[in-house]
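J.: I would like to see how this sequence folds:
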Amino acid sequence: WCTEAVLERLPGVLEVRSGFMGGHVANPTYEQVCGHGTGHIEVAQVTFDPQRISYSQLLDWFWQLHDPTSRDRQGADEGEQYRSAIFYHDDAQRQAAEESMRRAQLQFTRPIVTELRPAATFYPAPEDHQDFYRNNPRQGYCRAVIAPKLQKLEAHGLPKQKPD
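T.: This next block holds a predicted model:
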């Protein structure tokens, strides 16, 4: 979910919601997902305007904003809910994700382990997890993990804050 703060600032991204997808438990709680056994993955659901940002451009950011070579782990966060995954909505998105993954692999020395899966039911995370960085910018996790991702955004010439 720490990618939410960057994704929502990209021109053409209309909304980003943190949540869960891909498991076998309906309406999971955060505690259930963290306790393992639900099969769900923490995901960011992105609604975007394809006239302003393409799916391929979003995928390019996806590869930059996390480690797609670590299985069931992102930084200090470990567990099945931290798997790297792309959930696609149609065959065109699947094909674009496969091609993007092939290109991205050239940037990594270890193999990409990102799963490509058909989109399933999206379950929103609790409200206190939505816009986590915006609501908690001074929290230690935000300063250590999310702030560097925003710096990467700025290095690409994009504003740290999305204009209203």
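
J.: show me where the chain has strands.
T.: For the chain, strands defined by DSSP state E occupy the ranges 13-21, 41-48, 73-74, 77-78, 85-88, 115-118, 123-124.

J.: JSON lines for those strands, including mean pLDDT, mean neighbour count and distance to residue 97?
T.: Every residue, glycine included, has its C-beta placed from N, CA and C. Below are these laid out as JSON lines (pLDDT from 0 to 100; neighbours: other C-beta atoms under 10 Å; distance: least, C-beta to C-beta, whole Å):
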{"stretch": "strand 13-21", "mean pLDDT": "96", "mean neighbour count": "19", "distance to residue 97": "15"}
{"stretch": "strand 41-48", "mean pLDDT": "96", "mean neighbour count": "20", "distance to residue 97": "13"}
{"stretch": "strand 73-74", "mean pLDDT": "80", "mean neighbour count": "18", "distance to residue 97": "19"}
{"stretch": "strand 77-78", "mean pLDDT": "82", "mean neighbour count": "14", "distance to residue 97": "23"}
{"stretch": "strand 85-88", "mean pLDDT": "97", "mean neighbour count": "18", "distance to residue 97": "5"}
{"stretch": "strand 115-118", "mean pLDDT": "98", "mean neighbour count": "14", "distance to residue 97": "5"}
{"stretch": "strand 123-124", "mean pLDDT": "97", "mean neighbour count": "16", "distance to residue 97": "21"}
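
J.: okay, those strands in a markdown table with distance to residue 106 next?
T.: Formatted as a markdown table, the strands of the chain follow (distance: least, C-beta to C-beta, whole Å):
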| stretch | distance to residue 106 |
| --- | --- |
| strand 13-21 | 26 |
| strand 41-48 | 24 |
| strand 73-74 | 21 |
| strand 77-78 | 26 |
| strand 85-88 | 18 |
| strand 115-118 | 18 |
| strand 123-124 | 34 |
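
J.: what's the closest of those to residue 32?
T.: Counting by C-beta to C-beta, residue 32 lies closest to strand 13-21 out of those; the figure is 9.1 Å.

J.: For that closest one, give me every contacting residue.
T.: Strand 13-21 is contacted from outside by 1, 4, 7-8, 28, 33, 38, 40-49, 53, 58, 81, 85, 87, 119-125, 129-130, 132, using C-beta atoms under 8 Å, 6 or more residues apart in numbering.

J.: Within the sheet, what are the partner strands of it, with directions?
T.: In the sheet, strand 13-21 lines up against strand 41-48 (antiparallel), strand 123-124 (antiparallel) (DSSP bridges).

J.: list the helices and strands the single longest helix found in the chain packs on?
T.: Of all the elements of type helix in the chain, the one with the most residues (DSSP state H) is helix 91-105. Judged by 3 or more C-beta pairs under 8 Å, 6 or more residues apart in numbering; DSSP states H and E, helix 91-105 is in contact with helix 55-64, strand 85-88, strand 115-118.
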